[in-house]
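S.K.: Here is the input, now give the coordinates:
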Amino acid sequence: MIPSSVWRSAAGFGAGLGMSDTWRELQQIPGTGTVYVLSLSVLSIGFASLTLGLVYPWGERVPAGMPVVGGRRYPTWLVAGLAAAGVLPLAVIVVQSAANWDVLIGAAGRPSPGWVSLATACYLPAALWPVLVAAVTVAYVRRRARPPSRTPL
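M.R.: The predicted structure is shown next:
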């Protein structure tokens, strides 16, 4: 998520990155399109960070300082359901983006294979995200299905 966010942010701040002027005008970059790409970057990194809760212990319990529910385990079905519900939209976005890649990155009709290769390298980790979220969701469910291990004193 970081490489694609850096790419989007650089484009939003006006870096050329091999994009046509026509594409930038259409996307309103710089301008309101800049707000969009920066917001998208912040949101994608935020949601990616939430996924870490599926692999770290802090994602299994409500923080102890929370009134009433503090220290309780999150329901496995709720966490896994929310994570699994995110996989389908992510996969749709990846498929649509791949189908329209040249247009999406503003390289359509421009012979700049270096920029296209760099953009592809920046977005490839994001394209793998649905598969990775599905894998850690399955691992989360399996881990939570086992009874907690008791370590002897």
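S.K.: what element comes up after the one helix or strand in the chain whose mean pLDDT sits lowest heading to the C-terminus?
M.R.: Across the helices and strands of the chain, the lowest-confidence element by mean pLDDT, DSSP states H and E is helix 101-104, at a mean of 69. The C-terminal neighbour of helix 101-104 among helices and strands, as given by DSSP states H and E, is helix 113-127.
S.K.: And that next one, what does it pack against?
M.R.: helix 2-12, helix 76-99 (3 or more C-beta pairs under 8 Å, 6 or more residues apart in numbering; DSSP states H and E). Glycine gets a C-beta too; all of them are placed from N, C-alpha and C.
S.K.: how about a cut-off of 10 Å?
M.R.: When contacts are defined as 3 or more C-beta pairs under 10 Å, 6 or more residues apart in numbering; DSSP states H and E, helix 113-127 packs onto helix 2-12, helix 32-51, helix 76-99, helix 101-104.
S.K.: Nearest to Leu132, out of the ones you listed?
M.R.: helix 32-51 (7.9 Å; C-beta to C-beta).
S.K.: what about Glu54, distance to Leu90?
M.R.: Not quite, residue 54 is Leu, not Glu. Plainly put, Leu54 is 14 Å away from Leu90 if you go by C-beta to C-beta, to the nearest Å.
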